[in-house]
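K.L.:
from the sequence below, what's the structure:
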Amino acid sequence: MNLKRILSIALVSGVLMTGTIACKSKISDADLKAKVETAITANPNVTVDVKDGVVTLNGTVASDDEKLQIENAVKAADSKGVKSVVNNIVVNTAPPVEINTNDADLTAKVSEFTKDFPSVKTAVVDGVITVTGELEQARVQALKMGLDALNPKKVDMSGLIIK
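P.N.:
Reported below is the predicted structural model:
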């Protein structure tokens, strides 16, 4: 009878021990979400949801590389706790710049803009602004930026003499 009792206790102890070892501690969804949010704090436009270890990302980023970096950061935040990542992040692309090829319209805008640069002469042909004349170094950048803002095909400043 004693042997039967000892075997029963040993068997119950073995089952409990095996069950305890097999049941590894699992991170809660709230804790996992906190870890993931900490890992991607540099991206305020991305939100995180976690359900049963599955991380879902939503929001917007500027590039595909940034989207991939965020996903990798999520996986690295807790490689055992993150079962999978559902990446619903949308990449915002910049709207295309509409190039002004209407020479008459562009010429009028260039003339209006360059009135503050009396030593500079401009010509517009097929959407390309050609700049000639002389200009102080300190004002070249302002001229170039202003002409670029008119959205021509190109701004050719190779004929400009910089003082």
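
K.L.:
need the helices for this protein, in chain order.
P.N.:
Assigned by DSSP state H, the chain shows helices spanning 2-22, 29-39, 64-77, 103-113, 137-148.

K.L.:
hey, least reliable of those helices by pLDDT?
P.N.:
Of all those, the minimum mean pLDDT falls on helix 2-22 (a mean of 62).

K.L.:
now do the contacts for Thr60.
P.N.:
45-46, 89-92 (C-beta atoms under 8 Å, 6 or more residues apart in numbering). Glycine gets a C-beta too; all of them are placed from N, C-alpha and C.

K.L.:
for it, give its distance to Val46.
P.N.:
8 Å (C-beta to C-beta, to the nearest Å).

K.L.:
ok, back up a step: mean neighbour count and distance to Lys121 added to the helices of the chain, as CSV?
P.N.:
Converted to CSV, the helices of the chain look like this (neighbours: other C-beta atoms under 10 Å; distance: least, C-beta to C-beta, whole Å):
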stretch, mean neighbour count, distance to Lys121
helix 2-22, 9, 84
helix 29-39, 17, 56
helix 64-77, 16, 44
helix 103-113, 15, 10
helix 137-148, 14, 12
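
K.L.:
got the ones you listed as JSON lines, with distance to Val124 columns?
P.N.:
Listed next are the helices of the chain as JSON lines, based on distance: least, C-beta to C-beta, whole Å:
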{"stretch": "helix 2-22", "distance to Val124": "78"}
{"stretch": "helix 29-39", "distance to Val124": "52"}
{"stretch": "helix 64-77", "distance to Val124": "37"}
{"stretch": "helix 103-113", "distance to Val124": "5"}
{"stretch": "helix 137-148", "distance to Val124": "10"}
